[in-house]
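Novice: Provided below for reference: sequence and predicted model.
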Amino acid sequence: QVQLVESGGGLVQAGGSLTLSCTASKGAFRNYAVGWFRQAPGEEREFVAAISFSSVNTDYADVVKGRFTLSRDNYSKTAYLQMNNLKSEDTAVYYCAANKGWIADSHDYDYWGQGTQVTVSS
């Protein structure tokens, strides 16, 4: 079992940057792929990015390609979502998730964090 805690959200101006962290407080983080999802008010949850347990595979939603970078440090049990050139439409609650296998943009991750709010002001 894995317990995930997101951090790093906040308020930023359009064009700015934020780095979100997803830390596993419990479990063998190195054995799990990590995905990031987001949900804006009144919208369905959508896939943002994913990284395999070994960092060999990554996947990004088209709307964030070239702006967001997902990386991980298995020693510190943390995955990092670097978000650059943020836009107002990136405003959402961001969730990280973990899964034993590589499922990329599927929503069927086994474990989920509580989420962190990102607000981009225009």
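Specialist: Noted; the coordinates are in hand.
Novice: quick one, what contacts the residue nearest the centre of the chain?
Specialist: Nearest to the mean C-alpha position of the chain, counting by Cα atoms, centre = their mean, stands Trp36 at 2.8 Å. Contact partners of Trp36, counting by Cβ atoms under 8 Å, 6 or more residues apart in numbering, are 20, 22, 47-50, 70, 79, 81, 94-97. In short, each C-beta sits where N, CA and C put it, glycine included.
Novice: any figure for the gap between Gly15 and Gln114?
Specialist: Per Cβ to Cβ, to the nearest Å, Gly15 is found 28 Å from Gln114.
Novice: let's see the pLDDT reported for Ala28.
Specialist: For Ala28, the pLDDT comes out at 89.
Novice: counting neighbours, what do you get for the residue nearest to it when sequence neighbours are not counted?
Specialist: Spatial nearest neighbour of Ala28, excluding adjacent residues (Cβ to Cβ, 6 or more residues apart in numbering): Val2 at 7.7 Å. When neighbours are counted by other Cβ atoms under 10 Å, Val2 registers 22.
Novice: surely Val2 meets Tyr111?
Specialist: Yes - between Val2 and Tyr111 a contact is recorded at 4.5 Å, counting by Cβ atoms under 8 Å.
Novice: ok, the contacts of Trp36 vs Ala40, which is closest?
Specialist: Distance to Ala40 across those (Cβ to Cβ) is lowest for Tyr94, with 10.3 Å.
Novice: which residues does that closest one bridge with?
Specialist: Here Tyr94 sits in beta bridges with Arg38, Thr116, as judged by DSSP bridges.
Novice: between Val2 and Tyr111, which contacts overlap?
Specialist: Joint contacts of Val2 and Tyr111 (Cβ under 8 Å, 6+ apart) are Gly27, Tyr32, Ala98.
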